[in-house]
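[1] Just to be clear, the model below is a prediction. Sequence and coordinates:
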Amino acid sequence: MSAAPRAKYLLRFDDLCPTMDWAAWEALERIMDEQGVQPVLGVVPDNRDRKLMVAPAAPDFWDRVRRWQAKGWAIGLHGYQHTYVNAEPGILRLNKQSEFAGLSYAEQHEKLRLGLSLFEREGVRADAWIAPAHSFDWVTVSALNALGLRVISDGFAFGPYRDSQGSTWVPQQFASMRPMPFGLWTFCYHPNGLSPQGIETFRRSLEQLRPGMISLAEAVALGRRPRSAPDRLVGALRMAVSGLRRMGKPQGKPQGKPQGKPQGKP
Ligand SMILES: [Zn+2]
C-alpha cells in the first residue's frame, strides 16, 4: 500500500486475567511492541470463570497491567468476575449469556463499582467498558455513566459514535484482521489457546494493516457524531448473519459455549 490507508483499525484482546495463556500472550505482546501498535486490553477485575483458568496465576499480574497502561495501551473493564448469571443476549444479541444484561440497576451498579474499585486499588484506570459475551443492556450503560465510564468498546457501525446518553461507542465488528475500504474496524482476539500458526497469521496481518492502526483515544476522538442510518445497516447485516448461523445450530442451550460466531469466543 503506497497511499495512506483510508480505513482505521483497532486491536482488542479479551479475557486478560492472572490465569490466562501467558505463552500465547507474550508472543502477541512482543509482536505489538515490535510493530508499535496500541491495543485495547479487556482485563477481568476478579476472574471466577474456570474457562479462563488455563495457566498458573501470574503473581505479578497487576504489575503487568500497570506496565501496559504506562506504555499507552488502553485498559478495558471486562466485566467483574466473568461469570454468566442468565441467558440474556443484551442489546447486541450475539451470545445468550450475560453477567449484566437483565439485572436491576442496583445489581449492575454494584458489580461495576466493585470492578472499578479493584482497578483503582491496583492503580489502573478503566479506559473503556468491554462486556463479557458482548452482553449488556441500557441499564448497564446508565450505571457506567453514573460511575464515569463513558467509552464502550462494542456495537456495529462504520465508526465511533455518541449515543443519546453521552457514551461513545467504538464499534467492534470482526474477530480477526482484514483490510477494509473505509471506516473504523475493531478486531477482537482471545489470546487463550491461540496456536503458533494463529500467532504467525496475526503477525503477517498486522504487518499489512499496521499503517491504519490507531489507539483507543484516537478512535474516541472520531466519535463526536450520532449513530447514522448506514451505521444501523452494519447492525442489521450483522444480525442477519448471526441469525442465519443460529438457525444452523441446535437451539435451547443458553449456557452452552458460543462457538463459531464471527466475533469469536466471549
Ligand atoms: Zn470474555
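    Perfect, I can see it now. Numbering: from 1, shown residues only.
[2] What residues does the closest residue to the ion within the stretch 101-250 of the chain make contact with?
    Using Cβ to the ion, the single residue of the stretch 101-250 of the chain nearest to the ion is residue 132, 4.5 Å away. Any C-beta I mention is one placed from the backbone N, CA and C, and that applies to glycine too. Contacts for residue 132 were tallied using Cβ atoms under 8 Å, 6 or more residues apart in numbering; they are 44, 49, 78-79, 82, 84, 98-100, 266.
[3] out of these, which one sits closest to the ion?
    residue 266 (4.6 Å).
[4] What residues of the helix or strand where residue 141 lies count as buried?
    Element membership of residue 141 [criterion: DSSP states H and E] is helix 138-146. The neighbour-count check on helix 138-146 (16 or more other Cβ atoms under 10 Å) flags 139-141, 143-144 as buried.
[5] Which stretches in the stretch 151-266 of the chain count as helices?
    Counting by DSSP state H, counting those that start in this stretch, the stretch 151-266 of the chain has helices at residues 196-209, 216-221, 229-247.
[6] would you list those in CSV and tack on distance to residue 8, mean neighbour count and mean pLDDT?
    Listed next are these as CSV, based on distance: least, Cβ to Cβ, whole Å; neighbours: other Cβ atoms under 10 Å; pLDDT from 0 to 100:
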stretch, distance to residue 8, mean neighbour count, mean pLDDT
helix 196-209, 10, 15, 98
helix 216-221, 7, 18, 98
helix 229-247, 15, 13, 77
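[7] Could you provide these in a markdown table, with additional columns for distance to residue 105?
    Below are those laid out as a markdown table (distance: least, Cβ to Cβ, whole Å):
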| stretch | distance to residue 105 |
| --- | --- |
| helix 196-209 | 39 |
| helix 216-221 | 25 |
| helix 229-247 | 25 |
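[8] ok, and the closest non-adjacent residue to residue 97?
    Of all residues beyond its chain neighbours, the one nearest residue 97 is residue 84 (4.0 Å), with distances taken as Cβ to Cβ, 6 or more residues apart in numbering.
[9] thinking again about what came up before, so which of the contacts of residue 132 is surrounded by the most neighbours?
    Using other Cβ atoms under 10 Å as the neighbour criterion, residue 79 leads those with 31 neighbours.
[10] Nearest residue to that residue in space, ignoring adjacent ones along the chain?
    Excluding the flanking residues, the one nearest residue 79 by Cβ to Cβ, 6+ apart is residue 132, at 4.0 Å.
[11] Fine by me, thanks again.
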